[in-house]
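>>> Sequence and predicted structure, then a few things I'm wondering about:
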Amino acid sequence: MQSFTGFDIVIVSLTVLIGLKGLFRGFTREVFGLVGIIGGIFVASRLSLEIGTKIAPLLSLENNATIKLVGFIVGLVGFWAIVYVLGVVISKIFLMSGLGVFDRILGFVFGSAKMFFIFSIIAYSLYQIQSFKDLMDDKTANSTTFPLLIKTGSFIVKLDASDFVKKVEDSVSTEEKVEEDPDLAEKKSITNEIKQTVKEIKDATVESTNAVIQSAKKGVVEELTKSNDSEETPSNAETKAE
């Protein structure tokens, strides 16, 4: 059964405190801050591959996961910068219109919403990691706000984390298939035997070649020695004759 736990108290308290900050900043700056951060993540997570593909040639990127990550960062920063500039311009217009009270009240609402969305993104991101998922399920089993955080975060963030672990999973899957499938195991064994045979032939060829070279070298040295001895023998005979 869900109840209001300590986790819920912390989340709600921080959300309200940040909302009070929005009360002083005003609606315009808060709403554009919200759109800049949350909207940036929303858009960048869906267009990360397209943005990354256009940037990849400039940075010489080839890995698909890296391309998506760079595309996400560039998309987020670019979207936030555009919205921030618009927020500054419209904020000045509101200040000159005399709608200060309504601007501050709405600023509190949007400030609180922005903080809640940020908590949602953080909670959902951590929840995708298995070790954190088990811990969070255990600690927030009776929480009222946690399921809402996860649901909201899953809607905002649409990045597919499988790209980052796909190679590892494929490798593990291949190894498991080899172990489970006798035909694959036999093919792998035959391949290893062929590689070993080729290696042995290569080693034997190298050894034989070295032996031939050493033998030829030894023969040349012996021939040179005999030649020197034959030249010295007549010379010694002439010396004795004199």
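Nice, I can see it.
>>> What is the strand or helix carrying residue 29 packed up against?
Element membership of residue 29, judged by DSSP states H and E, is helix 27-34. Other helices and strands packing on helix 27-34, by 3 or more CB pairs under 8 Å, 6 or more residues apart in numbering; DSSP states H and E, are helix 64-97, helix 100-127. For every residue, glycine as well, the C-beta is placed using N, CA and C.
>>> Go through the last one and flag the buried ones.
Translated: helix 100-127. For helix 100-127, the neighbour count (16 or more other CB atoms under 10 Å) marks 103-104, 106-108, 110-121, 123-124, 127 as buried.
>>> avg pLDDT for that helix?
If you average the pLDDT over helix 100-127, you get 83.
>>> For residue 84, which non-adjacent residue is closest in space?
Closest residue to residue 84 apart from its sequence neighbours, by CB to CB, 6 or more residues apart in numbering: residue 36 at 5.5 Å.
>>> how near is residue 42 to residue 132?
23 Å (CB to CB, to the nearest Å).
>>> Of those two, which one has the most company?
Remark: of residue 42 and residue 132, residue 42 carries more neighbours, 18 against 13, as counted by other CB atoms under 10 Å.
>>> ok, residues contacting the helix or strand where the more buried one lies?
Using DSSP H and E, residue 42 sits in helix 40-59. Residues from elsewhere that reach helix 40-59, judged by CB atoms under 8 Å, 6 or more residues apart in numbering: 61-62, 64, 66-77, 79-80, 83, 121, 156-159.
>>> Least confident secondary structure element in this structure?
helix 162-180 (a mean of 53; mean pLDDT, DSSP states H and E).
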